[in-house]
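*Asks:* give me a model of this one.
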Amino acid sequence: MPQTGKIPATVITGFLGAGKSTLIRHLLETANGRRLALIINEFGDIGVDRELLRGCGDETCRDEDIVELTNGCICCTVADDFVPTMEALLNRAEPPDHIIIETSGLALPKPLVRAFNWPEIRTRVTVDGVIAVVDGAAVADGRFADDHDLLNAQRMADPNLDHESPMEELFEEQVQCADLVILNKAELIPDGLRKKVEDDVARHLRTAVRVVPSSFGRIDAAVLLGLGAAAEDDLDSRPSHHDTEGEDEHDHHHDDFVTFDVHFGEIPSPEHLMKTLAPVIAEHDILRIKGFVAVAGKPMRLILQGVGARLQHYYDRDWAGNEARKSCLVVIGQQGLDTAAIRTAIEGR
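*Replies:* Next up, the predicted model:
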């Protein structure tokens, strides 16, 4: 806890698919005994998001310390969702040592940081730092996110979103508010382009903000926590395209977006699953797929993360003795997906 006596909070922002959840998972594994609370606002199946962040193996990862906000972009529902959630965490008999907030990929970080000046929480919490997670491979390709269609679908699916920022502006909002930028997926940046990518990101940054490359979000808590930024007292140095704009109304069509989950048993091998999923993703134009899988003969749970045709997998922890060895994947795409055909293809692998 900082010398002010306030509980530190870290805001983690970045586009959907940049690797925020993976970064947080590694942060939990390296928390070194800190009691952490998580506020998750990212889009997707909430139960699976919770499962992906659980189970790092100690008391810092208790299920009751993971709070999900499901009513849309966190920066647009501050009064209704964020402030009451913070109050509930702070009023616990044993408050957390540190609060981690994963924003929606569409969130403007500055309005969220400004919310820490609300009277209900200002005297009790400080923003230790804003961390922007950037998809390095996407930037190397001249884009801001791996799948723009997925971001647009997410935008349309959020009835509470009250800002309509172009992709470039939203990228600038996230990195200009940051105290630390994680250039994730560094292993996918082509040789010779790393310096150019870092320079492309750095030209949007405030003075003295560092860019740290990362693969699979492997950045320890010692690097991410304890920045001491007190960002809520430093808002004027964090430029925003929305600083002088009023409240605008926008139409949203959440029926253009669909998400559903697929449950099945053990698989023979990760390679078998990849061969099954690749043609299904291509045929049905699936935007995002993620979840956890039981592999026959393996004591550890397999995590799957897919954005478009790019699939990544890794083992994260042992299955608990009283835990059913089951598999669950969340599929995200545009309205009109043939959910029955997708389920049959995956379940009947």
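
*Asks:* outline the domain layout of the protein.
*Replies:* Residue ranges for the domains of the chain, per automatic domain parsing: 7-237, 255-347.

*Asks:* just how off-centre is the first one within its chain?
*Replies:* If I follow you right, that is domain 7-237. 6 Å (Cα atoms, centre = their mean, to the nearest Å).

*Asks:* end to end, how far does that domain reach?
*Replies:* 23 Å (Cα to Cα, to the nearest Å).

*Asks:* worst average pLDDT in the domains of the chain?
*Replies:* Ranked by mean pLDDT, the domains of the chain bottom out at domain 7-237, which scores a mean of 80.

*Asks:* picking up where we left off before, mean neighbour count added to the domains of the chain, as JSON lines?
*Replies:* Any C-beta I mention is one placed from the backbone N, CA and C, and that applies to glycine too. Formatted as JSON lines, the domains of the chain follow (neighbours: other Cβ atoms under 10 Å):
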{"stretch": "domain 7-237", "mean neighbour count": "19"}
{"stretch": "domain 255-347", "mean neighbour count": "16"}
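
*Asks:* for S269, grab phi and psi.
*Replies:* Note on S269: backbone dihedrals following degrees, to the nearest 10 are phi -170, psi 160.

*Asks:* ranges for the helices of the stretch 101-250 of the chain?
*Replies:* For the stretch 101-250 of the chain, applying DSSP state H, counting those that start in this stretch gives helices covering 109-114, 119-122, 136-140, 148-156, 167-176, 194-202, 221-224.

*Asks:* among the ones you listed, which is nearest R35?
*Replies:* helix 221-224 (12.4 Å; Cβ to Cβ).

*Asks:* tell me which helix or strand comes right after the closest one.
*Replies:* strand 257-264 (DSSP states H and E).

*Asks:* show me the beta-bridge partners of I332.
*Replies:* Beta-bridge pairing for I332 (DSSP bridges): T259, R288.

*Asks:* T339 and A138, how far apart?
*Replies:* Distance, T339 to A138, using Cβ to Cβ, to the nearest Å: 28 Å.

*Asks:* I meant to write D233 there.
*Replies:* 33 Å.

*Asks:* need the three-state assignment for I12.
*Replies:* strand (DSSP: H, G, I helix; E, B strand; the rest coil).

*Asks:* now do the strands in this structure.
*Replies:* Using DSSP state E, the strands found in the chain span residues 7-13, 36-40, 66-68, 98-102, 125-135, 180-184, 210-213, 257-264, 288-293, 300-307, 310-318, 327-334.

*Asks:* sheet partners, orientation included, of the first one?
*Replies:* Neighbouring strands of strand 7-13 in its sheet, by DSSP bridges, are strand 98-102 (parallel), strand 125-135 (parallel).

*Asks:* any idea how far M86 lies from I342?
*Replies:* For M86 relative to I342 (Cβ to Cβ), the value is 38 Å.

*Asks:* do R194 as well
*Replies:* Plainly put, R194 is 37 Å away from I342 if you go by Cβ to Cβ.

*Asks:* F82 too?
*Replies:* Taking Cβ to Cβ, one finds F82 at 34 Å from I342.

*Asks:* ditto for D318
*Replies:* Taking Cβ to Cβ, one finds D318 at 30 Å from I342.
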